[in-house]
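1. Coordinates for the following, if possible.
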Amino acid sequence: MSTQKRRERERHARREQIVEAAKEVFGEKGFMAATAEEIARRAEVAVGTLYLYFKSKEEMYVSLLFEGLDLFRQELERIQGLPLRPDEKLRAFWDFLYTFYARYPAYYRIVSFLHTAGLREAVSRDLLEEVKRRTGRNFSLAARIVRQGMMAGVYRPGDPREVVDFLWALLTGLVQLMEIRRNLGLAVGDLAELHKNAFALIEDGLSQPRGSAPGGRPRPWVRQAKVSRGAARRPARGAR
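-> Below is the predicted model:
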């Protein structure tokens, strides 16, 4: 192996070492509380070495965030391409939400820390726009799965985006519930089983009822956009 190739290999290995350390620290503490000193300590390198590979803590965080969002996108695209019924695709999506948390806990927490106060001010405008673009793309892919079920008549009419909001909020709520119980020394229970049982409630709420609401139209599962009385008498538009 030539000297140049060996150096490139060593540089790549050191970068991966830094990335893994950053993933641990950001996953545990979030963006705001994480420090370059802690990342360097876990990576067993000097603080100055970090900046040979990344311009800032912000760049380290966003690079990991993008990795997590890309994993999410790839799985959504895979589910979308499966020869499954709409309800089976939704089940696959719901199962993946738990898998993402269980298999990639650091990425899950890094993505979840997007709600952190002050993050918007700490991240550059260009990077923030890219984060919004990637999260929006994933959101649209997930909403498409729900929309297909609504258009096929499997699910009640409504806004598929609100359903996706509900599913993500339900998952994060279940995770937080388990963590609260663990912190209080209470019985934690089996998150996987709770997640599985929750889908029965989701399906029951989404499924097209056998009867119809007064007026002959199925009762929407989620809030519809406000319309005038005249517009309300017209058949509901297809989900966007």
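
2. show me where the chain has helices.
-> Counting by DSSP state H, the chain has these helices, from start to end: 3-33, 36-43, 47-53, 57-81, 86-103, 105-112, 119-122, 125-151, 160-183, 191-206, 229-233.

3. Please identify the most buried of those.
-> Mean neighbour count (mean count of other Cβ atoms under 10 Å) peaks for helix 105-112 among those, with a mean of 20. (C-beta placed from N, C-alpha, C; glycine too.)

4. which residues are contacting that one?
-> Helix 105-112 is contacted from outside by 23-24, 26-28, 30, 61, 64-65, 67-69, 71-72, 100-101, 172, 175, using Cβ atoms under 8 Å, 6 or more residues apart in numbering.

5. so how far is that helix from its chain's centroid?
-> The chain centroid and the centroid of helix 105-112 are separated by 8 Å under Cα atoms, centre = their mean, to the nearest Å.

6. what angle sits between it and helix 3-33?
-> Angle between the axes of helix 105-112 and helix 3-33 is 50 degrees (criterion: axes from the mean of the first three to the mean of the last three Cα atoms, to 10 degrees).

7. What average pLDDT does helix 105-112 get?
-> When pLDDT is averaged over helix 105-112, the result is 89.

8. what angle separates it from helix 125-151?
-> Angle of helix 105-112 versus helix 125-151, following the same axes, to 10 degrees, is 100 degrees.

9. Report the angle between helix 105-112 and helix 57-81.
-> Compare the direction of helix 105-112 with that of helix 57-81 by the same axes, to 10 degrees and you get 100 degrees.

10. Map the structural domains onto the sequence of the protein.
-> Residue ranges for the structural domains of the chain, counted by automatic domain parsing, are given in the record as 1-54, 56-233.

11. Flag whichever of these has the least confidence on average.
-> Going by mean pLDDT, the lowest-scoring of the domains of the chain is domain 56-233, which has a mean of 84.

12. And that one, how far out from the chain middle?
-> When distances are taken as Cα atoms, centre = their mean, domain 56-233 is centred 7 Å away from the chain's centroid.

13. What of stretch 7-16?
-> Its chain's average C-alpha position is 30 Å from that of stretch 7-16, according to Cα atoms, centre = their mean.

14. Tell me the spacing between the residue nearest to Leu76 when sequence neighbours are not counted and Leu206.
-> In this structure, Leu76 finds its nearest non-sequential neighbour in Leu141, 4.0 Å apart by Cβ to Cβ, 6 or more residues apart in numbering. Leu141 sits 18 Å away from Leu206, going by Cβ to Cβ, to the nearest Å.

15. try Gln17
-> Gln17 sits 45 Å away from Leu206, taking Cβ to Cβ as the criterion.

16. Arg14 too?
-> 49 Å.

17. Over to Gly136?
-> The separation that Gly136 has from Leu206, given Cβ to Cβ, amounts to 23 Å.

18. number of nearby residues for Ala34?
-> 20 (other Cβ atoms under 10 Å).

19. check contacts around it.
-> If you count contacts by Cβ under 8 Å, 6+ apart, then Ala34 has Ala22, Val25, Phe26, Lys57, Tyr61 around it.
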